[in-house]
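Q: 3D, please:
(2 chains)
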Amino acid sequence: MADLASRISKPSDAPVDDAAASTAAPAEDNGNGTEEVIEDDGIQRGIIETSYDVEVKLADLQADKDSPLYSGVQSFEELGLPKPINDGLLAMNFKKPSKIQERALPLMISDPPTNMIAQSQSGTGKTAAFVLTVLSRVDFSKPQQPQALLLAPSRELARQIQGVIQTVGQFCENLIVEAAIPGAISRETGVRSSVVVGTPGTVMDLIRRRQFDVSQLKVLVIDEADNMLDQQGMGDQCIRVKGMLPKTIQILLFSATFPDKVMNYARKYAPNSNEIKLRHQELTVKGISQMYMDCPDESKKYDILCKLYGLMTIGSSVIFVKTRESANEIQRRMEADGHKVSALHGAYEGQNRDALLDDFRSGRSKVLITTNVLARGIDVSSVSMVINYDIPMKGFGDKEPDAETYLHRIGRTGRFGRVGVSISFVYDRKSFEALSQIADFYGIDLIQLLPDDWDVTEKKVQEVIKSSRAKPDYAPNALGN
DNA sequence: AAAAAAC
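A: Sure, this is the predicted structure:
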C-alpha cells in the first residue's frame, strides 16, 4: 500500500485555491487562521474553520499549514488513492467530492491513522467518505483476513453499506465484503472476508464463538454513531466489541446528529479524534420542504393519509409510525381500501425484510409503512415524500420530542441535492407542541397544510415534487438507484 | 406503554 500520508502532505498535490482559502478564514480569526480551544475532555484542539456551516477541529496541530489536512481537497485525485479505487469512483460517476468528503477524507486516510468524529447532513456522502477510507486501509493480498469492521444500527443499513463497498470496490481484485447480520455468515466457516459490515449483536456473537478473527483489524467504523453509542443495549455492545479489538485500531464515528450528551461518550469512545461538525441551524437539508398536516383529531389521520395516496405515488414514499402494530394495522386498512402499500419492521424475518426493501428500492413497491428501523441511513433516491404519521418521541411516556429521529426520518428524501417533501401529522395540542419544539430546535418554519383546503395541499406538494428532477452535481447515489 | 439489536 502506498504511503498516503506522504502523498497528501506534498504541497504540489495541494494547489492553493482562493475560494477555499477565503471560506477557511474563521470569523473569530486570531490572525494565524487557528484558534486554541480546550474541550471538556481536556484535549487541546485548533479550530481551523468556523465558517457559518462547518467547524473542523484537529487533534494534532503539527500538520503543515499548506497541507490538505487543513484546507481539504478539491478532487478525489488529490487523495492519491490506489488506481482500482479511483476507477470505482469513475465507474460510479463520482466526479467531485462533497463537502464532508473534501474535508474528512484527507484527515481519515493520512498516516498515522487518526480517529474521526464526523457530522454532516443526511444525503451528503458520509457513506462514501468512510467506504473510501476503509478501502484505502485494506491489504487486498489477504482477501480472507478481516481488516475493517463497520457497525450499523439495523440489518437494512448494514446490507446497504455492504452494497456501497462492493460497488466502489468493484475494481479492487479479491475484495470480499461480508454482512455480519443474522443468517448471513456460515456457522461452519465463520468470517472469511477482508471487510465486515454488521449489526452489533451478530458481530459480538461471531467474535465470542471465535468465528471472526479481529486481530488484524485496522479500522472500525460506526455509522449512526450517536444512536449506536446512546442506545441501551447497542451502546453496551459497541463498547464490548471495541474492547475485543486491537488497541491501535482507527475509529471513525459518523452521523447527521450528535446530541451534546452523546458527544461526550463519542469522545471517550474515539479519543483524540479530529472532529467535523455542523451547527444546529445548518443541519436541515435545504431541498426538503417540511410541512405539517393539521388534522382535526386522531381518528381523521387515517382518512387524510388515504387522500394523500395519489401524491405519495408520484415518486416513492415512506410512512413512519410508532409501533409495529400500527404499521400492520394501517397496511391492512389501506389494502382493504384498494391502495397498494407494504410494511416493514423488526418483527419480520430477515429474508422477508431484505425482499421488502429490495422491492421498494426497485420501485416494485412505492409506498412503505415502517417504524424507526428505517429512520436512519436508508438511501433510496426515488423517495420524494416522507410522512410522519406519528411525531417521533423520545423514551417511554412520549414526554420529549425526538428531534434527531425527526431529522433522520425526513432525510430519507431530498438526497444528494434532490428535492422532497415531508408531512408531519399533528392532531392535538401535545403533538402540535412536540413538532413546534422540533422546529424551534432547528430554527425552521414548517408549512401548514389544512385537510379542508385540499386543492392548496395538492398544489403545494406537487410544486415541489414535480420539480424533482434528479440533478445532483456531486456524489450520486452510491447504489445507482 | 416503543424500536432496534444475538443465540
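
Q: A:V197 falls within a helix, correct?
A: No. For A:V197, which was evaluated using DSSP: H, G, I helix; E, B strand; the rest coil, the result is strand, with no helix membership.

Q: How about it, nearest residue that isn't a chain neighbour?
A: Spatial nearest neighbour of A:V197, excluding adjacent residues (CB to CB, 6 or more residues apart in numbering): A:L150 at 4.1 Å. Glycine gets a C-beta too; all of them are placed from N, C-alpha and C.

Q: In a helix, the one you found, correct?
A: No. With three-state DSSP as the criterion, A:L150 is located in strand rather than a helix.

Q: any idea how far it lies from A:S194?
A: Summarising the geometry, the distance separating A:L150 from A:S194, computed by CB to CB, to the nearest Å, is 12 Å.

Q: shouldn't A:A327 be in contact with A:H345?
A: Yes. Using CB atoms under 8 Å, A:A327 and A:H345 qualify as a contacting pair, with a distance of 5.3 Å.

Q: Can you check which residues contact both of the two?
A: Common neighbours of A:A327 and A:H345, counting by CB atoms under 8 Å, 6 or more residues apart in numbering, are A:370-371.

Q: These two: which is more packed in?
A: Using other CB atoms under 10 Å, the more surrounded residue of A:A327 and A:H345 is A:A327, with 25 against 20.

Q: Give me the pLDDT for the more buried one.
A: Per-residue pLDDT puts A:A327 at 98.

Q: Could you list the buried residues of whatever helix or strand it lives in?
A: Under the criterion DSSP states H and E, the helix or strand holding A:A327 is helix A:324-336. Going by neighbour count (16 or more other CB atoms under 10 Å), the buried part of helix A:324-336 is A:324, A:326-327, A:330-331, A:334.

Q: Quick one: name whatever helix or strand follows it.
A: Helices and strands here follow DSSP H and E; after helix A:324-336, the next one along the chain is strand A:342-344.

Q: what mean pLDDT does the helix or strand just after that next one have?
A: Elements were assigned by DSSP H and E; along the chain past strand A:342-344, the next helix or strand is helix A:350-362. For helix A:350-362, the mean pLDDT works out to 97.

Q: list the helices and strands the next helix or strand after helix A:350-362 packs on?
A: Proceeding N to C from helix A:350-362, the next assigned helix or strand is strand A:367-370, under DSSP H and E. Contact analysis of strand A:367-370 by 3 or more CB pairs under 8 Å, 6 or more residues apart in numbering; DSSP states H and E lists strand A:316-320, helix A:324-336, strand A:342-344 as its packing neighbours.

Q: Tell me the residues of the stretch 201-350 of chain A that contact DNA strand B?
A: Applying the criterion CB under 7 Å from any atom of the strand, the portion of the stretch 201-350 of chain A that neighbours DNA strand B consists of A:201-205, A:208, A:231-234, A:322-325, A:345-347.

Q: Which members of these are classed as buried?
A: Buried, going by 16+ other CB under 10 Å: A:202-205, A:231, A:234, A:322, A:324, A:345, out of those.

Q: In strands only, show me these.
A: Where those are compared with strands, as defined by DSSP state E, there is no overlap at all.

Q: dump the residue contacts of the residue of chain A found nearest DNA strand B.
A: Of all residues in chain A, A:G201 sits closest to DNA strand B, with a separation of 2.1 Å (CB to the nearest atom of the strand). If a contact means CB under 8 Å, 6+ apart, then A:G201 has A:Q237 as its contacts.

Q: pLDDT score for the closest residue to A:A152 other than its chain neighbours?
A: The shortest distance from A:A152 to any residue that is not its chain neighbour, by CB to CB, 6+ apart, is 4.4 Å, and that residue is A:A158. Looking at A:A158, its pLDDT reads 98.

Q: which residues sit in contact with A:A158?
A: A:A158 makes contact with A:150, A:152, A:179-181, A:197-199 under the criterion CB under 8 Å, 6+ apart.

Q: which among the residues you listed gets closest to A:G443?
A: Top of the list for closeness to A:G443, among those and by CB to CB, is A:A152 at 29.5 Å.

Q: Could you report the separation of the residue nearest the centre of chain A from A:E78?
A: Residue closest to the mean C-alpha point of chain A, counted by CA atoms, centre = their mean, is A:G377 at 4.4 Å. Taking CB to CB as the criterion, A:G377 is separated from A:E78 by 28 Å.

Q: likewise A:I378?
A: Distance check for A:I378 against A:E78: by CB to CB, it reads 31 Å.

Q: Between the two, point out the one with more neighbours.
A: Each of A:I378 and A:E78 had its neighbours counted (other CB under 10 Å), and the higher figure belongs to A:I378 (24 against 20).
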